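Engineer: below are the sequence and a predicted model; questions follow.
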Amino acid sequence: MNNGSQKAKDKYLKEKVDTFVLRVPKGEKEKIQEYAKKEGKSLNAYIVDLIQRDMNGEIKIEEKPAVQTPRRGSLPSFLD
């Protein structure tokens, strides 16, 4: 990608896209990525689709978390 294209892409992303970090247990990213690929989607598209469908009431995500969250204070401070 040339410098002009990169600048245009950076400008678009800055103006039109929000970014956040999603933390998952080691090994889970690859599992989710593989499942998304089987669904014909990127990891990002798969996660965004799940969130939107849940918010629209199309699916119901279980109340109980699939992964047990460590107690507060048991993580390094930058992860709390």
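Structural biologist: Thanks, I have the structure now.
Engineer: packing partners of the host helix or strand of Glu30?
Structural biologist: Secondary structure assignment for Glu30, by DSSP states H and E: helix 28-38. Contact analysis of helix 28-38 by 3 or more Cβ pairs under 8 Å, 6 or more residues apart in numbering; DSSP states H and E lists helix 43-55 as its packing neighbours. (Glycine included, C-beta is placed from N, CA and C.)
Engineer: what comes up buried for the helix holding Glu30?
Structural biologist: 32, 36 (16 or more other Cβ atoms under 10 Å).
Engineer: now that helix and helix 43-55, what's the angle there?
Structural biologist: If you take axes from the mean of the first three to the mean of the last three Cα atoms, to 10 degrees, helix 28-38 sits at 80 degrees to helix 43-55.
Engineer: which residues does helix 28-38 contact?
Structural biologist: 24, 42-43, 45-47, 67 (Cβ atoms under 8 Å, 6 or more residues apart in numbering).
Engineer: most surrounded residue in the residues you listed?
Structural biologist: Tyr46 (18 neighbours; other Cβ atoms under 10 Å).
Engineer: that one - nearest residue in space that isn't next to it in sequence?
Structural biologist: Nearest residue to Tyr46, sequence neighbours excluded (Cβ to Cβ, 6 or more residues apart in numbering): Ala36, at 3.5 Å.
Engineer: now whichever strand or helix holds Asp10, how far from the centre of its chain.
Structural biologist: Assigned by DSSP H and E, Asp10 belongs to helix 3-16. Its chain's C-alpha centre and that of helix 3-16 lie 21 Å apart, by Cα atoms, centre = their mean, to the nearest Å.
Engineer: and that helix, average pLDDT?
Structural biologist: Mean pLDDT, helix 3-16: 93.
Engineer: going forward, the N-terminal residue is numbered 39.
Structural biologist: That works, and once the first residue is 39, the last one we named lands at helix 41-54.
Engineer: got the CA positions of that helix in PDB?
Structural biologist: The C-alpha trace of helix 41-54 is given here as PDB (Å, rounded to 0.1, in the frame of the first residue of the first chain):
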ATOM      1  CA  ASN A  41       1.800   6.300   1.400                       C
ATOM      2  CA  GLY A  42      -1.300   8.100   0.000                       C
ATOM      3  CA  SER A  43      -3.500   5.000   0.300                       C
ATOM      4  CA  GLN A  44      -2.300   4.400   3.900                       C
ATOM      5  CA  LYS A  45      -3.100   8.000   4.800                       C
ATOM      6  CA  ALA A  46      -6.600   7.700   3.300                       C
ATOM      7  CA  LYS A  47      -7.200   4.400   5.100                       C
ATOM      8  CA  ASP A  48      -5.900   5.900   8.500                       C
ATOM      9  CA  LYS A  49      -8.200   8.900   8.000                       C
ATOM     10  CA  TYR A  50     -11.200   6.800   7.300                       C
ATOM     11  CA  LEU A  51     -10.600   4.500  10.300                       C
ATOM     12  CA  LYS A  52     -10.100   7.500  12.600                       C
ATOM     13  CA  GLU A  53     -13.300   9.100  11.400                       C
ATOM     14  CA  LYS A  54     -15.600   6.100  11.000                       C
END
